[in-house]
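Student: fold the following, please.
(2 chains)
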Amino acid sequence: MAGMSFFIDTTRCTACRGCQIACKNWNQNGASMTKNLGSHQNPPDLDANTFKLVRFSESEVNGKPVWYFFADQCRHCLEPPCMDAIAGYVDGGVIHDEETGAVVYTDKSKEAPIDDVREACPYDIPRAREDGRIVKCTMCLDRVKNGLIPACVKVCPTQAMNFGTRESMLELAQKRLADLKAKYPKAQLLNPQEVRVIYLVVDDPTKYHSHAVASLGSGIDRKLALRRLFKPAKTMARALTLG
Amino acid sequence: MLSDAETIMRKAVALARSSKPAYHELYDFLERVFAAQIQVKPRCRLSLNPMDGEAIKARWTAGLPLMRRWDFPVDLKAAHEVLEAVTRAVPEHNRELSGACSAIFKALAQNPSAKDAIWESFLHHDWNPWEEWLDTAGVDLPSLLYVARSCLRPSIERTAEERLQRACPDDHWKAGFCPVCGSLPSLISLEGEGQRRAHCSWCGTPWRLARFQCPVCDNRRHASLGYLYAEQEPGYRIDYCMECRHYFKTIDARERLWPLWIPLEEWTTLHLDLVAQREGWKTPPSPAPAVYETDGFAVPS
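Tutor: Next up is the predicted model:
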């Protein structure tokens, strides 16, 4: 499985939020309504105008306060469950780009209910616009296809964000993990064999974000599995009707 | 199996095909020429006067390049191989390039004892010594120079690389012209944490420039240095100097996913030249004869 991947080294992240703003800027997403929840995290969650969000989590290690920063975004799963969820309602709602592996929603995604799609995502990423169109990180496919790195990677001043061929990113991630393991025994890569956005964390991933790793309750549920199972029959019935 | 250079070149061409369709007529031709140059370069056999690291550094410290353009050795066989590849690659309808190839072939065939002299004549600039052997009637001069220099490029680049194996210019060279041959850059790139690197228009040598530095007049005053930038084309800009009114094209390699292939970029940035020249900026002659005169070199007149 070639294609491209991100490697996000959370130990290098200073929570400057440059990536969050660069993402908004490149995708021409406007400001989001926000509120103060007693954290520096702003806005409080991903939304239709925020495809990338630096999450701030305050924790305690050996009696000392620590901040964990987590630049949350679509993981561009190797086998994206959201694709099945949308395909259960509409054809052509999702493009899984062969060359890069990017998972990109099209305008047709508005025909799928956001609740089902969001439920299918193990990382709780997709959000819907007012017109119903489902949106999320696109891997800056328009930039990548033109030989440019994604906007969030371009602005990162600490090399927390990295992007390249899957092989090179996995190599970089493993090397960095090996470097950190001695000092941080809990250091780990999150779902590296399942996703194209590989995070490196040095503590329990849930301390960074509740959906940092694939959540057990999400993914393909019974409802989706049934829809997937009956989809060929539905398609055939539609073809017969048209015929 | 493709070499690293050829892999990078082919990736760059493939990307340019999709991202810069306006130049679509160039790609087949350029890809074949670049491939021939890359394949020929490691086989070049060149007789180069030895120069140790200390001698090189001494010249750089004195602000002098290592060689004159017309002192570069040429591997005749390599040049001929590229000429054959260029001839095969020329599109059928391009009479200028095919005329240039034929003229060189004809001159080489008619003057077998002067093959060295014919190829070496293209190492000179500002005068046309090849006219002694080449019938240039009806031949497009820019096409002739392009074909000839494409054939010489593997020998020239190989020579520069061999010179630089003994010393690195980064800590010793501050000028805007090439530390190896004295030519001006064809392109400038921004890399890493913003380092500015020039790429020689003649021998391909990369060297560091200051962030504020005009390669022509060495102006380093920020108030009289500027750049043109188009939002539609991120990663490219035109650096200009208000003192000497010259410009250079700059590529921001920090935005690039894949390594640059400078000889391709020289072609696929031609529209930037049009923009710059329409704004009144100009390209400098390269190299400035002053570069060689300061060394007491005999400059052809």
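Student: tell me which residue is most central in the chain.
Tutor: I went with chain A, as the question did not name one. Centroid-nearest residue in chain A, with Cα atoms, centre = their mean: residue A:74, separated by 1.3 Å.
Student: not what I meant, chain B
Tutor: residue B:201 (2.8 Å).
Student: name the nearest residue to it, ignoring sequence neighbours.
Tutor: Excluding the flanking residues, the one nearest residue B:201 by Cβ to Cβ, 6 or more residues apart in numbering or on different chains is residue B:186, at 3.6 Å. Where you see a C-beta, it was placed from the backbone N, CA and C, and this is true even at glycine.
Student: and the one you found, what does it touch?
Tutor: Taking Cβ atoms under 8 Å, 6 or more residues apart in numbering or on different chains, we find residue B:186 in contact with B:199, B:200, B:201, B:262, B:266.
Student: so the closest residue to the residue nearest to the centre of chain A other than its chain neighbours is in which element?
Tutor: Among residues not flanking residue A:74 along the chain, residue A:137 sits closest, at 4.0 Å (Cβ to Cβ, 6+ apart). Residue A:137 belongs to no helix or strand when assigned by DSSP states H and E.
Student: cool, residue A:199 as well?
Tutor: Going by DSSP H and E, residue A:199 is in strand A:197-201.
Student: repeat that for residue B:100.
Tutor: Assigned by DSSP H and E, residue B:100 belongs to helix B:95-110.
Student: would you mark the buried spots in that helix?
Tutor: Neighbour counts over helix B:95-110 (16 or more other Cβ atoms under 10 Å in any protein chain shown) mark B:97, B:98, B:99, B:100, B:101, B:102, B:103, B:104, B:107, B:108 as buried.
Student: read off the pLDDT value for the first one.
Tutor: Just to be clear, that refers to residue B:97. Here, the pLDDT recorded for residue B:97 equals 94.
Student: with adjacent residues omitted, what lies nearest to it?
Tutor: Using Cβ to Cβ, 6+ apart, the nearest residue to residue B:97 is residue B:90, at 4.5 Å.
Student: walk me through the domains of chain B.
Tutor: B:4-166, B:185-291 (the TED database).
Student: any idea which of those domains gets closest to residue A:79?
Tutor: For the domains of chain B, distance to residue A:79 was read as Cβ to Cβ. The smallest value, 24.3 Å, belongs to domain B:185-291.
Student: let me see the mean pLDDT of the closest one.
Tutor: Average pLDDT, domain B:185-291: 92.
Student: average pLDDT across the helix or strand encompassing residue A:95?
Tutor: Assigned by DSSP H and E, residue A:95 falls within strand A:94-96. Taken as a whole, strand A:94-96 has a mean pLDDT of 96.
Student: now do stretch A:174-191
Tutor: Stretch A:174-191 shows a mean pLDDT of 96.
Student: so what touches that stretch?
Tutor: Contacts for stretch A:174-191 (Cβ under 8 Å, 6+ apart): A:7, A:9, A:11, A:75, A:173, A:198-205, A:212-214.
Student: first-to-last residue distance for it?
Tutor: Stretch A:174-191 has an end-to-end distance of 13 Å (criterion: Cα to Cα, to the nearest Å).
Student: quick one on the thing from earlier: three-state assignment of the residue nearest to residue B:201?
Tutor: Three-state call for residue B:186 (DSSP: H, G, I helix; E, B strand; the rest coil): strand.
Student: which one of the buried residues of helix B:95-110 is nearest to chain A?
Tutor: residue B:97 (27.5 Å; Cβ to the nearest Cβ).
Student: ok so, going back, after the strand holding residue A:95 comes which helix or strand?
Tutor: Immediately after strand A:94-96, counting by DSSP H and E, sits strand A:103-105.
Student: list the helices and strands that next one packs on?
Tutor: helix A:81-87, strand A:94-96 (3 or more Cβ pairs under 8 Å, 6 or more residues apart in numbering or on different chains; DSSP states H and E).
Student: change it to 10 Å
Tutor: helix A:81-87, strand A:94-96, strand A:134-135, helix A:141-144 (3 or more Cβ pairs under 10 Å, 6 or more residues apart in numbering or on different chains; DSSP states H and E).
Student: tell me the mean pLDDT for it?
Tutor: Mean predicted lDDT for strand A:103-105 stands at 97.
Student: residues of the helix ranked longest in chain B that come out buried?
Tutor: The helix spanning the most residues in chain B, taking DSSP state H as the definition, is helix B:141-164. Residues B:143-144, B:146-148, B:150-160, B:162-164 are the ones in helix B:141-164 that count as buried (16+ other Cβ under 10 Å).
Student: in chain A, what spans have low per-residue confidence?
Tutor: A:1, A:216-243 (pLDDT under 70).
Student: would you list every one of the helices in it?
Tutor: Under DSSP H, chain A gives helices at A:18-27, A:81-87, A:114-120, A:141-144, A:151-155, A:166-181, A:222-242.
Student: want to throw those helices into JSON lines with mean neighbour count?
Tutor: Below are the helices of chain A laid out as JSON lines (neighbours: other Cβ atoms under 10 Å in any protein chain shown):
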{"stretch": "helix A:18-27", "mean neighbour count": "19"}
{"stretch": "helix A:81-87", "mean neighbour count": "23"}
{"stretch": "helix A:114-120", "mean neighbour count": "19"}
{"stretch": "helix A:141-144", "mean neighbour count": "18"}
{"stretch": "helix A:151-155", "mean neighbour count": "22"}
{"stretch": "helix A:166-181", "mean neighbour count": "16"}
{"stretch": "helix A:222-242", "mean neighbour count": "11"}
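Student: out of these, flag the one nearest residue B:48.
Tutor: Using Cβ to Cβ, the nearest of the helices of chain A to residue B:48 is helix A:166-181, at 36.4 Å.
Student: okay, angle between the closest one and strand A:197-201 too, please.
Tutor: 10 degrees (axes from the mean of the first three to the mean of the last three Cα atoms, to 10 degrees).
Student: roughly how far out does helix A:166-181 sit from the chain middle?
Tutor: Its chain's C-alpha centre and that of helix A:166-181 lie 19 Å apart, by Cα atoms, centre = their mean, to the nearest Å.
Student: enumerate every residue touching the residue nearest to the centre of chain A.
Tutor: Residues in contact with residue A:74 (Cβ atoms under 10 Å, 6 or more residues apart in numbering or on different chains) are A:6, A:46, A:51-52, A:80, A:82, A:102-105, A:121, A:123, A:125-126, A:135-139, A:195-197.
Student: could you tell me which of those count as buried?
Tutor: The buried subset of the contacts of residue A:74 (16+ other Cβ under 10 Å) comprises A:6, A:46, A:51-52, A:80, A:82, A:102-105, A:121, A:123, A:125-126, A:135-139, A:195-197.
Student: list the buried residues for stretch A:208-215?
Tutor: Per 16+ other Cβ under 10 Å, stretch A:208-215 contains these buried residues: A:208, A:209, A:211, A:212, A:213, A:214.
Student: and which of the residues you listed is nearest to chain B?
Tutor: Using Cβ to the nearest Cβ, those come closest to chain B at residue A:212, 26.6 Å.
Student: can you report phi and psi for that closest one?
Tutor: The phi and psi values for residue A:212, taken as degrees, to the nearest 10, are phi -60, psi -40.
Student: can you tell me how far it sits from residue A:188?
Tutor: 10 Å (Cβ to Cβ, to the nearest Å).
Student: cool, and residue B:45?
Tutor: 54 Å.
Student: these two: which is more packed in?
Tutor: Per other Cβ atoms under 10 Å in any protein chain shown, whichever of residue B:45 and residue A:188 has more neighbours is residue A:188, with 19 against 11.
Student: ok, what's across the strand from the more buried one?
Tutor: residue A:201 (DSSP bridges).
Student: no further questions, thank you.
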